[in-house]
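[1] pasting the sequence and the predicted coordinates here, then a few questions.
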Amino acid sequence: MPIYMKNLFVNQLKSHSGFFFAPWVLLFVLSGIIPSISFSQSTSSPKKQSHAHQHGKGSLELTLEKNILNGTLELPLEALLGFEHSPKTSAEKLALSTLEKSLASLHLWFTVSKNASCTESKTSFERQTSSKHSDLLYTFSFICEKPEALQELHLLFLKEYQRVQEIQVIYVNQVGQRSIVVKRNSPILRF
């Protein structure tokens, strides 16, 4: 968890709780016993899905820390490929290969305000599979020369992948946190 998020959480605890309550809650949150806002990077180990798997819906967690915009997108693979199982046919294998190649090019998935002068920093992805469902976990970063000019993020994949209907976005910066739903018919997130 970035330090500004911990500080924000500590300040909220101090202003909303009693003297004896805040230190214990803070201890549990910082130690991970009580989960707080989770903005973890992709790992190769299995991870609990951060949202209930719903076809047509996904989640996007964004953090702006100094000049770096980090994101984690989670989507059902069914919405991207039309199937969730391991690819069996040559058409399914081609669809998965095409998806993986597109994930290497962040500009095919997202664009940011031009005035912010952002460049792609890194991307990674993994497939998360449970007993019945598979999700894509896509992490990415932009480095922005002018983060104060960052006013919007275009979710380009909403036009490409028509099975995706909406994305639940959580956006955190030094000022605070917002939760926004971005719909397929209006694929622009305004900060």
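    The structure has been received and is ready for your questions. Numbers count the residues shown, from 1 in each chain.
[2] give me the domain ranges for this protein.
    1-36, 40-190 (automatic domain parsing).
[3] chain center to the last one, what's the gap?
    For domain 40-190, the gap between its own C-alpha mean and the chain's C-alpha mean amounts to 6 Å (C-alpha atoms, centre = their mean, to the nearest Å).
[4] what kind of secondary structure is Glu78 in?
    State at Glu78, reduced to three classes by DSSP: H, G, I helix; E, B strand; the rest coil: helix.
[5] so how far is Glu84 from it?
    Separation of Glu78 from Glu84 (C-beta to C-beta, to the nearest Å): 5 Å. Bear in mind the C-beta positions are built from the backbone N, C-alpha and C, glycine included.
[6] shared neighbours, those two?
    When contacts are counted by C-beta atoms under 8 Å, 6 or more residues apart in numbering, Glu78 and Glu84 have 133-134 as shared neighbours.
[7] what ranges do the helices span in the chain?
    3-16, 21-31, 77-81, 90-103, 157-160 (DSSP state H).
[8] those: lowest mean pLDDT?
    Looking at those, the lowest mean pLDDT belongs to helix 21-31 (a mean of 36).
[9] most neighbours per residue, which of the domains of the chain?
    Most buried of the domains of the chain, by mean neighbour count (mean count of other C-beta atoms under 10 Å): domain 40-190, with a mean of 16.
[10] who are the contact partners of the closest residue in space to Gln54 that isn't next to it in sequence?
    Nearest non-adjacent residue to Gln54, counting by C-beta to C-beta, 6 or more residues apart in numbering: Pro76, 7.2 Å away. Neighbouring residues of Pro76 by C-beta under 8 Å, 6+ apart: 53-58, 84, 133-136.
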